[in-house]
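Student: I need the structure of the sequence given here:
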Amino acid sequence: MEDLRLESKKKVLAVKDLPTLPQVLEEVSKLVEDPTVSTEKIANVISKDQVLSAKVLKMVNSPIYGFPRRISTIQHALVLLGFNVIKGLIISTSVFDIMNKSMVGLWEHSLGCALAASTIAKTVGLKDPEEYAVGGLLHDLGKVIALVQLPELKKEVEELVKKEDIPYYVAEKKVMGFGHDRINAWLADYWNLPLRLKEGLAWHHQIKSAQYYPEMAAVVHLADFITRVFEVGFAGDDHASKLHPEACKILKLSSKTFEAILDELADEFLELSGFNPEE
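Tutor: Below you'll find the predicted structure:
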């Protein structure tokens, strides 16, 4: 099993085959490290890629964020949301095509998770709820990368899900030696994502393992659970993942508040249906 795990990890992280992120992202990441650089300069670099800018602005103006007025420039989006959120949106729109082709329904599930994560974070009073939305949006990224890098294992994982009636990530572990949550952690390091985001992506199935930002892991876990309960999109299996009670404890979430979140999301999911950044 250890040999299989190492071999699979090497294939997953074969950089030449990873979905290429726009060159703009690399340029901007370097700029952000300089505290004297203005948001205007960063926005100008992103805006050079007109197709990418249009997709990012469409995401910013989607029901996920719910801004009362339309955001029409990348600079305005950067000021409102910060670079970490914009970086997450650039990554998500870059893998959108691959996600749509490789796993039908996964994009809708990811959007639903982003919306749920944002709603949960706002309701419990967490700072920067938009970053939690990015955690929800990217939480299944490892599934996409595994399908791209290890296509021969896709059928095996899917057959195991049906045959043994187990969650997708459990089947991944049986076939590859690790699940998409582990791939998420590798990707977060590879793409230099902030630690808070990395913890949400890596530990949404194992909240107790989140050492620094358990709130992010708890929010993404709850968002994933709720999105599955409402059957928004398809995450690879029909399991409503088990709700870990510690998620509610970490967020100090009462059953009354949880019910209020579910009521709010019932309406918001309807508004989100059919949203597509490509159109």
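
Student: ramachandran coordinates for the residue lying farthest from the centre of the chain?
Tutor: Note on the chain: the largest C-alpha distance from the chain mean falls to Thr36, namely 29.9 Å (CA atoms, centre = their mean). Per-residue torsions, Thr36: phi -90, psi -10 (degrees, to the nearest 10).

Student: from Glu27, how far off is it?
Tutor: 16 Å (CB to CB, to the nearest Å). Yep, even glycine has a C-beta here, placed from its N, CA and C like the rest.

Student: next, the contact list for the closest residue to Thr73 other than its chain neighbours, please.
Tutor: Excluding its sequence neighbours, the residue lying closest to Thr73 (CB to CB, 6 or more residues apart in numbering) is Ala43, at 6.9 Å. Going by CB atoms under 8 Å, 6 or more residues apart in numbering, Ala43 touches Thr73, Ile74, Gln75, Ala77, Leu78.

Student: repeat that for 6 Å
Tutor: Applying CB atoms under 6 Å, 6 or more residues apart in numbering, we find Ala43 in contact with Ile74, Gln75, Leu78.

Student: so Phe178, which of the three states?
Tutor: coil (DSSP: H, G, I helix; E, B strand; the rest coil).

Student: before we move on, back to that, mind checking how far the residue farthest from the centre of the chain is from Ile74?
Tutor: In terms of CB to CB, Thr36 sits 20 Å off from Ile74.

Student: residue contacts, Trp191?
Tutor: By CB under 6 Å, 6+ apart, Trp191 has no neighbours at all.

Student: and the pLDDT for it?
Tutor: With respect to pLDDT, Trp191 scores 84.

Student: next: Pro19.
Tutor: 63.

Student: now do the SS call for the closest residue to Lys48 other than its chain neighbours.
Tutor: Among residues not flanking Lys48 along the chain, Val24 sits closest, at 6.6 Å (CB to CB, 6+ apart). Judged by three-state DSSP, the three-state class of Val24 is helix.

Student: just to check, Val24 is in contact with Ser47?
Tutor: No. If you go by CB atoms under 6 Å, Val24 and Ser47 don't touch, sitting 9.0 Å apart.

Student: gap between the residue nearest to the spatial centre of the chain and Tyr132?
Tutor: Residue closest to the mean C-alpha point of the chain, counted by CA atoms, centre = their mean, is Leu138 at 1.4 Å. Leu138 sits 11 Å away from Tyr132, going by CB to CB.

Student: if I look at the two, which residues touch both of them?
Tutor: Between them, Leu138 and Tyr132 share no contacting residue, judged by CB under 6 Å, 6+ apart.

Student: returning to that earlier point: any idea which helix or strand carries the residue nearest to Thr73?
Tutor: Here Ala43, judged by DSSP states H and E, is contained in helix 39-48.

Student: next, the buried residues of that helix.
Tutor: Thr39, Ile42, Ala43, Val45, Ile46, Ser47 (16 or more other CB atoms under 10 Å).

Student: dump it to PDB, restricted to CA.
Tutor: C-alpha atoms of helix 39-48 as PDB (Å, rounded to 0.1, in the frame of the first residue of the first chain):
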ATOM      1  CA  THR A  39      -4.300  47.400  -5.600                       C
ATOM      2  CA  GLU A  40      -4.600  49.400  -8.800                       C
ATOM      3  CA  LYS A  41      -1.400  47.900 -10.100                       C
ATOM      4  CA  ILE A  42      -2.400  44.300  -9.100                       C
ATOM      5  CA  ALA A  43      -5.900  44.900 -10.700                       C
ATOM      6  CA  ASN A  44      -4.300  46.100 -13.900                       C
ATOM      7  CA  VAL A  45      -2.200  42.900 -14.300                       C
ATOM      8  CA  ILE A  46      -5.300  40.700 -13.700                       C
ATOM      9  CA  SER A  47      -7.300  42.800 -16.100                       C
ATOM     10  CA  LYS A  48      -4.900  42.200 -18.900                       C
END
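
Student: just how off-centre is that helix within its chain?
Tutor: The chain centre lies 24 Å from the centre of helix 39-48; the measure is CA atoms, centre = their mean, to the nearest Å.

Student: what is the mean pLDDT for it?
Tutor: Helix 39-48 comes out with an average pLDDT of 94.

Student: can you name the next helix or strand after it?
Tutor: Next along the chain after helix 39-48, with elements defined by DSSP H and E, is helix 50-60.

Student: can you check what angle separates that next one from helix 39-48?
Tutor: When axes from the mean of the first three to the mean of the last three CA atoms, to 10 degrees is applied, the directions of helix 50-60 and helix 39-48 differ by 110 degrees.
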